[in-house]
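A.B. asks: pasting the structure only:
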């Protein structure tokens, strides 16, 4: 009699356990199958953007503006874009006629250094330059490589180098570097242009 009662209790406990597991996994599966769009947007995507200025820097000298300069000579902004709260790795873009164009280091071919260029949708290259207070236009190049990082400099008179940095509206700053993800000299091809490295703002 005692064994029968124990079996009934065990059977009841087993049934409750199985019911609990069914409810738990079935509920979890329903949540997993929900479309992301059904959740509040604030919980899935942070739409906040902070735009950082790109400058050329040398100790004891004024910061130099960094601009994209088209063939007609018109100067356009170059920015780093922070999405949300994370400022450790930012995209660098040139703003041309309202479009955000990628800024990359391109294959140098016979040149000494790797050119920094913006690339439009047609594959046209747009110069990225630093501008001195006197109006001199300095090229920006990838001058050396350490591991997967390429050091960018604005170059004056072939021997004066300025670092390239990004500055937030709050005065925080990051370095701007070339970043390679693979060992192959051609990192990728964008609109028909062979890319040596991506350009990023890095803490």
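C.D. replies: Nice, thanks for sending it over. Predicted model only: the values in this text are computed from it and were never measured.

A.B. asks: tell me the buried residues in stretch 126-143?
C.D. replies: Neighbour counts over stretch 126-143 (16 or more other Cβ atoms under 10 Å) mark 126-132, 138, 140-142 as buried. (Glycine included, C-beta is placed from N, CA and C.)

A.B. asks: what's near enough to touch residue 143?
C.D. replies: Residues in contact with residue 143, defined by Cβ atoms under 8 Å, 6 or more residues apart in numbering, are 113-114, 151-153, 155, 161.

A.B. asks: find the nearest non-adjacent residue to residue 82, please.
C.D. replies: Once flanking residues are discounted, residue 82 sits nearest to residue 50: 4.1 Å by Cβ to Cβ, 6 or more residues apart in numbering.

A.B. asks: what pLDDT is listed against residue 23?
C.D. replies: pLDDT, residue 23: 39.

A.B. asks: typo on my end, it should be residue 70
C.D. replies: What the model reports as pLDDT for residue 70 is 88.

A.B. asks: and what of the one 4 residues further on?
C.D. replies: Predicted confidence (pLDDT) for residue 74: 93.

A.B. asks: over to residue 46?
C.D. replies: 48.

A.B. asks: likewise residue 19?
C.D. replies: pLDDT, residue 19: 38.

A.B. asks: related to what we said a few turns ago, closest to residue 82 out of the contacts of residue 143?
C.D. replies: Minimum distance to residue 82 across the contacts of residue 143 is 19.0 Å, recorded for residue 152 (Cβ to Cβ).

A.B. asks: residue 173 pairs with what?
C.D. replies: residue 167 (DSSP bridges).

A.B. asks: how close does it get to residue 165?
C.D. replies: Using Cβ to Cβ, to the nearest Å, residue 173 is found at 5 Å from residue 165.
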